[in-house]
Structure formats: structure tokens, C-alpha cells
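Student: How does the following fold in three dimensions:
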Amino acid sequence: SQNHVESFLKDPSSWCVHKRLQMLPVAPNPPPPPGSNFTTGQVCQIAFGPQYSVCPNHRQHTSAPQCQQLWCKDRSRKRFEPCETKPFLPALDGTSCGLGMWCHRGECVVDPNWAKACQDINGKTCKKYSKAKLKHYCGNPDFAKVCCSSCMGVKSKIRDL
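Tutor: From the prediction side, this is the model:
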């Protein structure tokens, strides 16, 4: 009731409610995300044990995007044994999920640090391709390294559609 709230606010024990919040400055250089410190293989070992590594063909087990579910393989078992996961085992934020891309909150997004440094090595060659051809060629990591900026533009437009 209103009376109960008012009497609480008048009581000395409510000092914390009256105290002004002190804003702490935001760190100018936030620490790198955990996925940039651990490989997916290391995450599998932490989650399951030292004999585990990343499942080489996780797409057989799920249609979930790689950033939402990490599949691991017990290397001590036979080659064709199934891979394993846990109910909540996403790739860590900062895990690479493609050229210039990383996982962030379960989504594969453009790595902002990589995008800043991304430039076409051979701008004339990269600019001569249509968007449709770039979309196709940028799937090749070697091409995407040469036409980095052009490929990033195509990826952004595709994602926004």
C-alpha cells in the first residue's frame, strides 16, 4: 500500500534509496571478448574434457547457427561416433565465424576491429565485379582477403535485406 511505502521511505533503513548513484567511467579499452582468447577446441575441452575438440561436421547434427550451439567430438571414440553438445553451449563472444565476422550474443556479426582495418588490396579489380558476382566470389576466403572492403559491403547489404 501507499502508506507502507511512505513509512519505509521515512525510515533510516531506506538510506540506499535516497543515495545518488555515482556513475563510474566506462573503460576506454574494454577487454577483448573471451572468444578471442580461447579457440572453439579449447572451449570443448573446458566443457567436456581434454580429449574433446570441435566437431568437424556439426552441420549433420543441427541447423542452429554456429554461434548459437557449439558441437564437440570425443577424439577417444570412433571416427563416426556422434558429436555432443550441452543444452546451453554457444560459441563464446569473439569467436570467429567467417572472414571478418565474429560471434556476438549468439549471432554472427561483422567484427568491428577487423572492419576498421579492412581495405581492398587491389581496388580496381574488386570494383569491376557486380554485386551478384561479389556475393559469389566473397565466399572464397582468399578472394575476400584481397577484396576485403568490397566483400564487407556486400555482406552488410545481404544481412540488412
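
Student: Domain map for this protein?
Tutor: Using automatic domain parsing, the domain parsing of the chain gives 26-111, 118-161.

Student: what's the model's confidence in the longest one, averaged?
Tutor: Which is domain 26-111. Average pLDDT, domain 26-111: 85.

Student: now it, how far from the centre of its chain.
Tutor: In this view, domain 26-111 has its centroid 9 Å away from the chain centroid, taken as CA atoms, centre = their mean, to the nearest Å.

Student: quick revisit: would you turn the domains of the chain into CSV with distance to N3 and mean neighbour count?
Tutor: The C-beta positions use only the backbone N, C-alpha and C, and glycine is treated the same way. Formatted as CSV, those follow (distance: least, CB to CB, whole Å; neighbours: other CB atoms under 10 Å):
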stretch, distance to N3, mean neighbour count
domain 26-111, 41, 15
domain 118-161, 54, 15
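
Student: Mind jotting down where the strands sit in the protein?
Tutor: For the chain, the strands defined by DSSP state E occupy 52-54, 72-74, 96-98, 101-104, 107-110.

Student: Ok, which of those strands comes nearest P31?
Tutor: Checking these against P31 by CB to CB gives strand 101-104 as the closest, at 14.6 Å.

Student: for that closest one, packing partners?
Tutor: In this structure, strand 101-104 packs against strand 96-98, strand 107-110, with contacts taken as 3 or more CB pairs under 8 Å, 6 or more residues apart in numbering; DSSP states H and E.

Student: if we go to 7 Å?
Tutor: Packing contacts for strand 101-104, counted by 3 or more CB pairs under 7 Å, 6 or more residues apart in numbering; DSSP states H and E, involve strand 107-110.

Student: which residue is nearest the middle of the protein?
Tutor: Per CA atoms, centre = their mean, the C-alpha nearest to the average position across the chain is that of C103, at 1.0 Å.

Student: about what we covered before: may I see the domains of the chain arranged in JSON lines, with distance to V5 as well?
Tutor: Shown next, in JSON lines, are these (distance: least, CB to CB, whole Å):
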{"stretch": "domain 26-111", "distance to V5": "33"}
{"stretch": "domain 118-161", "distance to V5": "47"}
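
Student: Could you point out which of those sits nearest K10?
Tutor: Taking CB to CB, domain 26-111 is the member of these nearest to K10, at 35.8 Å.

Student: so how far is S13 from S7?
Tutor: In this view, S7 and S13 are 11 Å apart by CB to CB, to the nearest Å.

Student: which one of these two has more residues nearby?
Tutor: Higher neighbour count among S7 and S13: S7, with 11 against 7, using other CB atoms under 10 Å.
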